[in-house]
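1. Mind looking at a prediction? Sequence and model below.
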Amino acid sequence: MDDMYSVKMRANKSCDGKSMHISGAERIIEKGDIDTCCGMLLRRALHHSKGEPDFINIKVEKINENEIKYTDALPVTTYEVASPEEGFLKLEELMAEAGIGGASKIAGMIKNTYGMRGAMILDIRTLERLEPDRDRGVRVTYMDSCGVETGNETKKNHFREALVLATKVAACPNIVGELCISDDPDYVTGYFASRKTGYCRITKLKEMGDPCGGRLFLYDGVKSEVDECIEFLEKQKVLVRMG
């Protein structure tokens, strides 16, 4: 196999004196695909429903293939709902199915992640936030799908990218669930994912045109192991077999 590389794209826009996140994506690819991949990510950053960015960063980093963990994608179930209210009720049902108590209160806390670049880590027993940087949150990186031809895409494949991320998070020590609502205004499907329930798509967790979204990881473990959890989320290289 050719050398492997991590390629990350981040695009921001200045808004009222602050930097607003516009777009982000990443791939794990072979050396021969770098040119095509960088061009695709650049075009994706420049054509986004949130507007045109004024800052785009593309980072290319060689990685050791021996450090990559391979795992199978979570099984997928889709739940059709008619409204965000119905969607949140389904979210609570799924958390209860995964053995997580206080589902209603936890589901409501995802709104505290809106505007964060990363995710909140929440202790399911104490409802204490565990991420060290509450403004930034925790970013899940170094992941991609394998066994699927992605081509020269300029448009985000919400389903595939979310499934890859959810599968990596579900494999993380002490993480027992994840709630996610996309911050793309034109995408209203969100999900709950866990090792017990699989990847559960809920077709409406917000109204079309709503730019708010966020991500919440549910932690069940001792505080002394939180750093190990964050290290896995941020640094472990993962390729997900999509079937």
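-> Looks like it came in fine.
2. doesn't E234 fall inside a strand?
-> No. E234: not assigned to a strand; according to DSSP: H, G, I helix; E, B strand; the rest coil it is helix.
3. Can you tell me the element the residue nearest the centre of the chain falls in?
-> The geometric centre of the chain, computed from its C-alpha atoms, lies nearest to L165 (Cα atoms, centre = their mean), at 4.8 Å. L165 is located in helix 158-170, with elements delineated by DSSP states H and E.
4. Also compute the angle for the helix or strand following that helix relative to helix 158-170, please.
-> Where DSSP H and E defines the elements, the next helix or strand beyond helix 158-170 is strand 175-181. Counting by axes from the mean of the first three to the mean of the last three Cα atoms, to 10 degrees, strand 175-181 points 150 degrees away from the direction of helix 158-170.
5. what's in contact with strand 175-181?
-> Under the contact criterion Cβ atoms under 8 Å, 6 or more residues apart in numbering, strand 175-181 has outside partners 91, 95, 98-100, 106-107, 110, 119, 124, 162, 166, 169-170, 190-197, 205-206, 212-220, 229, 233. (Each C-beta comes from the backbone N, C-alpha and C, glycine too.)
6. in this structure, which spans are helices?
-> 34-46, 84-97, 103-108, 158-170, 226-235 (DSSP state H).
7. Now mean pLDDT and distance to R136 too, for those, in CSV please.
-> CSV is the format used below for these (pLDDT from 0 to 100; distance: least, Cβ to Cβ, whole Å):
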stretch, mean pLDDT, distance to R136
helix 34-46, 91, 20
helix 84-97, 96, 24
helix 103-108, 93, 21
helix 158-170, 95, 17
helix 226-235, 97, 11
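8. returning to what we had before: are any of the contacts of strand 175-181 buried, and which?
-> 91, 95, 98, 100, 106-107, 110, 119, 124, 162, 166, 169-170, 190-194, 197, 205-206, 213-219, 229, 233 (16 or more other Cβ atoms under 10 Å).
9. Of the helices of the chain, flag the one that's most buried.
-> Comparing those by mean neighbour count (mean count of other Cβ atoms under 10 Å), helix 158-170 comes out on top with a mean of 21.
10. just checking, what packs against that helix?
-> strand 68-72, strand 143-146, strand 175-181, strand 190-194, strand 198-202, strand 237-241 (3 or more Cβ pairs under 8 Å, 6 or more residues apart in numbering; DSSP states H and E).
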